[in-house]
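Visitor: Sequence first, then the predicted structure, then my questions.
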Amino acid sequence: MEIKVLGSGCAKCKTTYQVIEKVIKENNLDVKLTKVDDIMEMMNYNIMTTPAVVVDEVVKIKGHAPTESEVKTLLGV
């Protein structure tokens, strides 16, 4: 599984990355987590607000920092 956090580095974007990273580590998941802060690459996902979370190239969350429970549901934990 590959997860990308799209965002320019704002507080919500950093929080999103940290929450997802925490869930991955706590549940020992085999997930590749990356940050995407390049505007041109973010535009490929057709999002207008950040942060956005992309799971296996599908936008799952946009415009807010997810809670731990929301990430767990997203990852099937």
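Guide: Cool, the structure landed. Numbers count the residues shown, from 1 in each chain.
Visitor: Show me the strands in this structure, by range?
Guide: According to DSSP state E, the chain carries its strands in the segments 2-6, 32-36, 52-55, 58-62.
Visitor: Need the contact partners of the second one.
Guide: Outside of strand 32-36, the residues that reach it under the criterion CB atoms under 8 Å, 6 or more residues apart in numbering are 1-7, 13, 17, 20-21, 24, 42, 54. Every residue, glycine included, has its C-beta placed from N, CA and C.
Visitor: is it possible to export these to a markdown table including pLDDT and distance to residue 35?
Guide: Formatted as a markdown table, these follow (pLDDT from 0 to 100; distance: CB to CB, whole Å):
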| residue | pLDDT | distance to residue 35 |
| --- | --- | --- |
| 1 | 94 | 16 |
| 2 | 96 | 13 |
| 3 | 97 | 10 |
| 4 | 97 | 8 |
| 5 | 97 | 5 |
| 6 | 97 | 8 |
| 7 | 94 | 7 |
| 13 | 95 | 8 |
| 17 | 97 | 6 |
| 20 | 97 | 10 |
| 21 | 97 | 10 |
| 24 | 96 | 14 |
| 42 | 93 | 11 |
| 54 | 97 | 11 |
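Visitor: Of the residues you listed, select the buried ones using a PyMOL command.
Guide: Under the burial definition 16 or more other CB atoms under 10 Å, those of those that qualify are selected in PyMOL by:
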select buried, resi 3+4+5+6+7+13+17+20+24+42+54
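Visitor: Of the contacts of strand 32-36, which is the nearest to residue 73?
Guide: Top of the list for closeness to residue 73, among the contacts of strand 32-36 and by CB to CB, is residue 20 at 12.4 Å.
Visitor: so that closest one touches residue 5, yeah?
Guide: Yes - counting by CB atoms under 8 Å, residue 20 sits close enough to residue 5 to count as a contact (6.6 Å).
Visitor: okay, and the common contacts of these two?
Guide: Shared contacts of residue 20 and residue 5 (CB under 8 Å, 6+ apart): 33, 53.
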